[in-house]
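K.L.:
sequence and predicted structure are below.
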Amino acid sequence: MRLGFDDGYSAFVAWVKTLLPIAALGMLSTIFLFSGKIDVTKSLPYAELNVAEIVREQRITKPYFTTISENGTEVALSAAYASVDPNITDIYNVSEPSIVLKSKTGRRSQITAGFGKMNSTSQQAIVSQGVSVTGTPSFWFKTNKLDVNFEQVLQPTATGFLKA
């Protein structure tokens, strides 16, 4: 069968439409032909450290705890890691905790720290290591240690602490 074209451009386009997909398929197949060999018996270098750490210390990554206090304040605690205290099972050691308090009136406060201990039975937390408390409107302070009671949360204001 002979294809008849009126001009050379149409013949060129017909050949290119055939040759380009064949060339692309050939280039893709060479990826698998010339790819390097992977040694599956070797593990990733950073995986050994993580596995040893996970086996040694069981912990939760990025935990998120929420509750509502007796006066209606919403409390959300998140952290980088949490692990159960080996001596007391109701105590959680949390690293880099962040506690967000939101009252029914819309006031919002945030407490951040480097370390904390949360007691799940008594609904209390003790945060330490560079504690920073910020609130709305434009309220902040820093301290070394702060005790937080999730059942009777007090909202910080510009003049002090008020029940939410």
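P.N.:
Okay, I see it. From a predicted model like this one, the values you see are computed outputs, not experimental measurements.

K.L.:
now do the contacts for the spatially closest residue to residue 150 that is not a sequence neighbour.
P.N.:
With CB to CB, 6 or more residues apart in numbering as the measure, residue 123 is the residue that lies nearest to residue 150, at 4.2 Å, once sequence neighbours are left out. For glycine as for every other residue, the C-beta is placed from the backbone atoms N, C-alpha and C. Taking CB atoms under 8 Å, 6 or more residues apart in numbering as the contact definition, residue 123 lies against 67, 149, 150, 151.

K.L.:
determine which two of those residues are furthest apart.
P.N.:
67 and 149 (11.1 Å; CB to CB).

K.L.:
which pLDDT value goes with the residue most central in space within the chain?
P.N.:
Nearest to the mean C-alpha position of the chain, counting by CA atoms, centre = their mean, stands residue 62 at 6.0 Å. At residue 62 the predicted local distance difference test score is 90.

K.L.:
please renumber the chain so that the first residue is 303 from this point on.
P.N.:
From this message on, residue numbering opens at 303, which makes the last subject residue 364.

K.L.:
let's verify residue 319: helix, strand, or coil?
P.N.:
Using DSSP: H, G, I helix; E, B strand; the rest coil, the secondary structure recorded for residue 319 is helix.

K.L.:
separation between it and residue 312?
P.N.:
In this view, residue 319 and residue 312 are 11 Å apart by CB to CB, to the nearest Å.

K.L.:
do the same with residue 430
P.N.:
The gap separating residue 430 from residue 312 is 79 Å, by CB to CB.

K.L.:
what sits against residue 393?
P.N.:
If a contact means CB under 8 Å, 6+ apart, then residue 393 has 386, 387, 419, 420, 421, 422 as its contacts.

K.L.:
I'd guessed the first one sits against residue 420; true?
P.N.:
By that I understand residue 386. No - when contacts are counted by CB atoms under 8 Å, residue 386 is not listed as touching residue 420 (10.5 Å).
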